[in-house]
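Enquirer: The following comprises the amino acid sequence and a computationally predicted model.
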Number of protein chains: 2
Amino acid sequence: MIHLLDPAISASSHPVGELLLSELRLMDDARYPWLILIPRVAGAREWCDLPWDQSQMLLAEAHTVANALRRCFDIDKLNVATLGNQVAQLHLHVIGRRRDDAAWPHSVFGRGEPQPYAAETVARHVATLRGELPMS
Amino acid sequence: MIHLLDPAISASSHPVGELLLSELRLMDDARYPWLILIPRVAGAREWCDLPWDQSQMLLAEAHTVANALRRCFDIDKLNVATLGNQVAQLHLHVIGRRRDDAAWPHSVFGRGEPQPYAAETVARHVATLRGELPMS
């Protein structure tokens, strides 16, 4: 079984790069600095069903990404979540939150419509993030 | 600094028991089998700021709890999240979801009012969960 990105994930996010285990993507929602990690493990759906070495690696990558978000954006809090109710493919959200953002203090999930980025903002964020991350 | 449970967490959940790193509590919301792990680490707010050994241990405990939820309840999906926008103390949600539950396919956060458990249901769930978990 080959790892393929779910079309719903591709359609709602922009590629940032490849970490050792996961693809890293930027959600196309300018309201929050919102990244998703998608482990390149064919058929994976639940974090707890990954082999332990991959499971730990996903955690380590989430921490790395969280710390990069803190360096790149002015954020007050991190939100980390894997839900997968709408897209079954295992993906982990790492979101930088601000006390003045559109959803605070609520979760960002299901609150209002995404606000797509301007193309130049995506390019700038991707470049900034790549500069802070060990990626190919 | 001594680890103390945030009063907002105590008020909205019931004790299940103690794992090696974390307190385990059952959210007082009968709409979903919803557990929270609170690492006994004074002052902890973000998962990525825990020392790596504790961070991994929290992940291992989350997986153990997720698997116990699957054995104890008829669930279709697991949701795992640490938000902390409203309660700063680090706590990790592990929630069993069903395709026919009150919020599906949305996240449970901020959707409707919690539905408190009857006392006998809490006692039954706690006993069932404790039977499936390595805890004191």
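Expert: Happy to help now that I have it. Remember, it's a predicted structure, so these values are computed and weren't measured experimentally.

Enquirer: Show me what from chain A comes close to chain B.
Expert: Counting by CB under 8 Å from any CB of the partner chain, chain A comes close to chain B at A:46-48, A:52, A:55-56, A:59-60, A:62-63, A:66-67, A:77-86, A:97, A:104-107, A:109-111. Heads up, the C-betas are built off the backbone N, CA and C, glycines and all.

Enquirer: where does residue A:69 land in three-state SS?
Expert: Going by DSSP: H, G, I helix; E, B strand; the rest coil, the secondary structure assigned to residue A:69 is helix.

Enquirer: just to revisit the earlier point, can I have the buried ones of the residues of chain A next to chain B as a PyMOL selection?
Expert: Only the buried entries of the residues of chain A next to chain B go into this PyMOL selection, using 16 or more other CB atoms under 10 Å in any protein chain shown:
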select buried, chain A and resi 46+47+48+55+56+59+60+62+63+66+67+77+78+79+80+81+82+83+84+85+97+104+106+107+109
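
Enquirer: Sort out for me which of the residues of chain A next to chain B are in helices.
Expert: Among these, the ones falling in helices (DSSP state H) are A:52, A:55-56, A:59-60, A:62-63, A:66-67.

Enquirer: Tell me who's in contact with the residue nearest the centre of chain A.
Expert: What sits nearest the mean C-alpha location of chain A, by CA atoms, centre = their mean, is residue A:36, with 1.6 Å. Listed by CB atoms under 8 Å, 6 or more residues apart in numbering or on different chains, the contact set of residue A:36 reads A:9, A:13, A:24-25, A:27, A:91-94.

Enquirer: So which of those residues is the closest to residue A:119?
Expert: residue A:13 (14.0 Å; CB to CB).

Enquirer: For chain B, see how far away residue A:133 is.
Expert: 14 Å (CB to the nearest CB, to the nearest Å).

Enquirer: Neighbours of the nearest residue to that residue once chain neighbours are set aside, how many?
Expert: Leaving aside its sequence neighbours, residue A:133 sits nearest to residue A:68 (CB to CB, 6 or more residues apart in numbering or on different chains; 5.2 Å). A total of 24 residues lie near residue A:68 under the criterion other CB atoms under 10 Å in any protein chain shown.

Enquirer: from memory residue A:68 sits against residue A:132, does it?
Expert: Yes - taking contacts as CB atoms under 8 Å, residue A:68 lies within contact range of residue A:132: 4.0 Å.

Enquirer: And the strands in chain A?
Expert: A:13-18, A:22-27, A:34-39, A:77-82, A:92-97 (DSSP state E).

Enquirer: Note down every partner strand of the third one and its orientation.
Expert: Each strand that strand A:34-39 pairs with, and the sense of that pairing, follows from DSSP bridges: strand A:22-27 (antiparallel), strand A:92-97 (antiparallel).

Enquirer: any idea of the mean pLDDT for it?
Expert: Here strand A:34-39 scores 98 as its mean pLDDT.

Enquirer: could I have it exported to PDB, CA atoms only?
Expert: Provided in PDB are the C-alpha atoms of strand A:34-39 (Å, rounded to 0.1, in the frame of the first residue of the first chain):
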ATOM      1  CA  TRP A  34      -1.900  26.200  11.500                       C
ATOM      2  CA  LEU A  35       0.200  23.300  10.500                       C
ATOM      3  CA  ILE A  36      -0.600  19.700   9.800                       C
ATOM      4  CA  LEU A  37       1.700  16.700  10.000                       C
ATOM      5  CA  ILE A  38       0.800  13.700   7.900                       C
ATOM      6  CA  PRO A  39       3.000  10.600   8.700                       C
END
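
Enquirer: which among the contacts of residue A:36 gets closest to residue B:116?
Expert: Distances from residue B:116 to those, taken by CB to CB, are shortest for residue A:93, at 29.0 Å.

Enquirer: pretty sure the closest one is in contact with residue A:38, am I right?
Expert: No - using CB under 8 Å, residue A:93 is not in contact with residue A:38, being 10.6 Å away.

Enquirer: if we can go back for a sec, tell me the one of the ones in helices among the residues of chain A next to chain B nearest residue A:5?
Expert: Distances from residue A:5 to these, taken by CB to CB, are shortest for residue A:62, at 18.1 Å.

Enquirer: Great, nothing more from me.
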